[in-house]
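Chemist: Fold the stuff below for me.
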Amino acid sequence: MFGKTFNLFDLFGFRIQIDVTWLFLALLVTWSLAVGFFPALYPGLGETLYLSMAIVGMIGLGASLILHEAAHALVARAYGLPIKYITLFIFGGVAQLEREPETARSEFLMAIAGPLMSLALAGLGYLAWTIALAADLPQSLAGVLYYLFLINLLLGGFNMIPAFPLDGGRALRALLWGWRGDLLWATKIAATSGSIFAFILIGFGILRAVSGDLVGGVWMFLIGLFVRAAAQGSYSEMITHRLLDEVPVTRFLHEPAVSVPADLSIEDFVQDYVYVTHADFYPVVEGRRLVGSLAARQLRRVPKGRWRNLSVADVMTPLSRDTVVGPSADVAQALTAMRRTGRDHVMVAEGAELRGVVALSELQRYLSFKLEIEQSG
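Modeler: Numbering: from 1, shown residues only. You can find the predicted model right below:
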């Protein structure tokens with residue numbers, strides 16, 4: 001989902017990070033507040049003050065999104081669902097679940113936690129705004145508080161629309177799941193509602209654009225495209241997990257895997273491994289202990305003149321729990337690990353000892369065959 005991300009800080013034990021696409025949203029929000037929203041609300045304050053209000057409002061929006069996602073994450077953690085990151089990106093924020101909720105109750109409570117947080121923040125914003133008006137505080141302060149009240153009210157209300165992947169769509173899926181006990185059917189209904197809502201957004205976006213509101217129309221159009229893609233992807237992913245759950249990852253192991261000594265020079269690595277095996281991905285070991293991995297394409301960042309002086313350990317990707325699974329893992333867990341890292345391989349290790357490597361291409365081939373057989377049956 002994401003491109004380049006930057007870590008900001010930790011909150012409640014969750015790492016808060018920002019995707020580069022958030023910068024576009026931040027600039028758009030700041031510009032619209034500075035030239036449109038605040039001048040219309042409080043005319044005559046001056047461009048510099050409008051810009052200052054817009055920057056504070058944009059920071060408040062970021063904080064509101066983080067708290068919205070933190071509410072999801074706290075409920076998820078209470079139900080034993082691991083969440084490592086909360087990411088701000090162009091369409092808002094997301095708490096990245098490592099696996100789906102196991103019960104309809106946990107799904108429902110996790111889904112509504114975010115909108116409830118936004119509505120609570122809206123209530124606090126409204127209270128602060130009315131106090132600022134009663135105390136005759138500066139209009140710039142009152143304007144920012146009004147914006148934070150309004151934006152959190154919109155965040156809470158918009159996210160409760162019953163269209164997947166919005167929070168309301170997840171709540172709808174949870175209710176349907178609890179009623180019928182069929183998560184796949186519930187996901188299909190919620191995803192269909194998300195697709196319908198997406199087409200409505202796209203249609204209104206086109207109408208707004210041709211009516212003169214080009215920025216607002218394009219923005220609504222893009223949100224509609226995102227919602228549609230996410231809704232369709234959620235159902236496809238659910239089918240994939242259903243077909244691959246409990247299929248052992250060891251069935252697809254390349255073993256013995258071609259591993260590379262960590263102290264080998266880059267020059268020898270290229271000559272003795274890359275040019276001989278023509279593979280792109282290599283586990284890195286110290287003795288029998290797995291310590292990392294190295295993709296041949298990573299060498300593009302290493303000047304050729306330094307190949308003799310650098311070792312594999314100097315340029316490898318260190319071992320992390322995102323790049324390795326245990327031999328008891330199923331294929332769905334392996335795919336999740338690949339999706340988190342953006343790689344097309346995952347290593348399988350028992351303790352610190354490498355067992356083998358699983359390639360995405362083989363999992364896709366297996367899934368294609370299984371889908372063809374399931375559908376023909």
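Chemist: Please enumerate the strands of the stretch 51-200 of the chain.
Modeler: Taking DSSP state E, counting those that start in this stretch as the criterion, the stretch 51-200 of the chain contains strands spanning 83-89, 92-97.
Chemist: Of all the ones you listed, which one comes closest to Val56?
Modeler: strand 83-89 (16.9 Å; Cβ to Cβ). Using the backbone N, CA and C atoms, a C-beta is placed for each residue, glycine as well.
Chemist: Give me the mean pLDDT for stretch 187-207.
Modeler: The average pLDDT within stretch 187-207 is 88.
Chemist: ok, and what's touching that stretch?
Modeler: With Cβ atoms under 8 Å, 6 or more residues apart in numbering as the test, stretch 187-207 has contacts from 161-166, 169-170, 172-173, 176, 216-225, 227-228, 230-232, 234-235, 238.
Chemist: Which entries within the residues you listed meet the buried criterion?
Modeler: 161-166, 169-170, 172-173, 176, 217, 219-221, 223-224, 227-228, 230-232, 234-235, 238 (16 or more other Cβ atoms under 10 Å).
Chemist: Find the residue ranges of the protein scoring beneath the pLDDT cut-off.
Modeler: 1-3, 90-91, 98-99, 237, 240-246, 254-256, 370-377 (pLDDT under 70).
Chemist: Show me the domain layout of it.
Modeler: Per automatic domain parsing, the structural domains of the chain span 5-160, 181-244, 249-376.
Chemist: Quick one: residues contacting Ala171.
Modeler: Residues counted as contacts of Ala171 (Cβ under 8 Å, 6+ apart) are 107-108, 111-112, 160, 162.
Chemist: Tell me which two in these are the farthest apart.
Modeler: Glu107 and Met160, at 14.9 Å, using Cβ to Cβ across the contacts of Ala171.
Chemist: Which one's more surrounded, the two?
Modeler: Taking neighbours as other Cβ atoms under 10 Å, Glu107 and Met160 compare with Glu107 leading, 25 against 21.
Chemist: In this model Leu172 seems to touch the more buried one, though I could be wrong.
Modeler: No - Glu107 is beyond contact range of Leu172, at 10.2 Å (criterion: Cβ atoms under 8 Å).
Chemist: which residues do the two both contact?
Modeler: Shared contacts of Glu107 and Leu172 (Cβ under 8 Å, 6+ apart): none.
Chemist: what about the helices in the protein?
Modeler: Taking DSSP state H, the helices of the chain run over residues 21-32, 38-41, 47-78, 104-134, 139-159, 167-180, 183-210, 214-244, 266-269, 275-277, 312-315, 331-341, 360-376.
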